[in-house]
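> give me the fold of what follows.
(4 chains)
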2 protein chains.
Amino acid sequence: MESVQNIVSVGQQIRALREAHGLPLRKVAAELDIDTSILSKIERGHRQANRQQVCAIARIFGVDEKELIIQYLSDKVIDELTNEEWAEDALKVAEEKLKYYTRK
Amino acid sequence: MESVQNIVSVGQQIRALREAHGLPLRKVAAELDIDTSILSKIERGHRQANRQQVCAIARIFGVDEKELIIQYLSDKVIDELTNEEWAEDALKVAEEKLKYYTRK
DNA sequence: GTATTTTTGGACAAATTTAGTCCAAATGGA
DNA sequence: TCCATTTGGACTAAATTTGTCCAAAAATAC
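As a prediction, this is how the structure comes out:
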């Protein structure tokens, strides 16, 4: 089922891609021009990747940039809302606002 | 119609409340312990209020804290997503993730 | 129309957050 | 055991946030 795939964080997806290609942190971190420990933390969600890094990952592993960016953005949204009592209500209102701003 | 009310930003709501009470920036800013220029910027969306300030506003004007916090949070979400091509998709995924994390 | 109050804009500063390096310790094969 | 990989944490630099201060603009009162 495809919906399960969406539940993972962008970090988990990066780790899955890297392991599927059998590459060590060292190699991918070098491509991203960051230390291995940072990449390790990104993959485990202890740090957030930035947009450029996410795009670079998509390029490196030849996957659809759109899908990875959507994961990245949704992770940032979740970050803003975790531990918030009215998170779901806020998301609903955000959707209304977004529709309002982007129509016409 | 009630949905229109949700379209305004928390800043716009603060300004509406302040003007409805006939108070100058000076008075409300003093209560929040910030400069008038900051409050002016918050009301016009040039700066973001923080959680405590939003709660203080709700208390000062005697309105439901929940409603104002929801506006505040949704504004932060919108901030993350404006100018993003796949903003709507990201919101959808964020909803799935939130449901997943908060169930059980 | 001038005086007064309110609001806004921008230069600046302090404090906090973010993003990274570096290295030592832990983990995991062969 | 040896070696490569991964992780944790102390530390630093850069960027962002959050605010002050004050002058200019706009609105209001008289």
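> near chain B, which residues of chain A?
By C-beta under 8 Å from any C-beta of the partner chain, the part of chain A that sits against chain B consists of A:3, A:6-7, A:66, A:69-71, A:73-78, A:80-82, A:84, A:86-91, A:93-102. Every residue, glycine included, has its C-beta placed from N, CA and C.
> taking those one by one, which sit in helices?
Judged by DSSP state H, the subset of the residues of chain A next to chain B located in helices is A:66, A:69-71, A:73-78, A:80-81, A:87-91, A:93-102.
> and A:R15, how far from A:Q48?
A:R15 sits 15 Å away from A:Q48, going by C-beta to C-beta, to the nearest Å.
> higher neighbour count, these two?
Counted by other C-beta atoms under 10 Å in any protein chain shown, A:R15 and A:Q48 do not tie: A:R15 has more neighbours, with 20 against 16.
> so how far is A:I70 from the closest residue to the more buried one other than its chain neighbours?
In this structure, A:R15 finds its nearest non-sequential neighbour in A:E43, 4.0 Å apart by C-beta to C-beta, 6 or more residues apart in numbering or on different chains. The span separating A:E43 from A:I70 equals 18 Å under the rule C-beta to C-beta.
> in chain A, which helix or strand is least confident?
Taking mean pLDDT, DSSP states H and E as the measure, chain A has helix A:87-102 as its least confident helix or strand, at a mean of 92.
> any quick PyMOL command for the buried ones out of the ones in helices among the residues of chain A next to chain B?
Here is the PyMOL command that picks out the buried ones among those, judged by 16 or more other C-beta atoms under 10 Å in any protein chain shown:
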select buried, chain A and resi 69+70+71+73+74+75+76+77+78+80+81+87+89+90+91+93+94+95+97+98
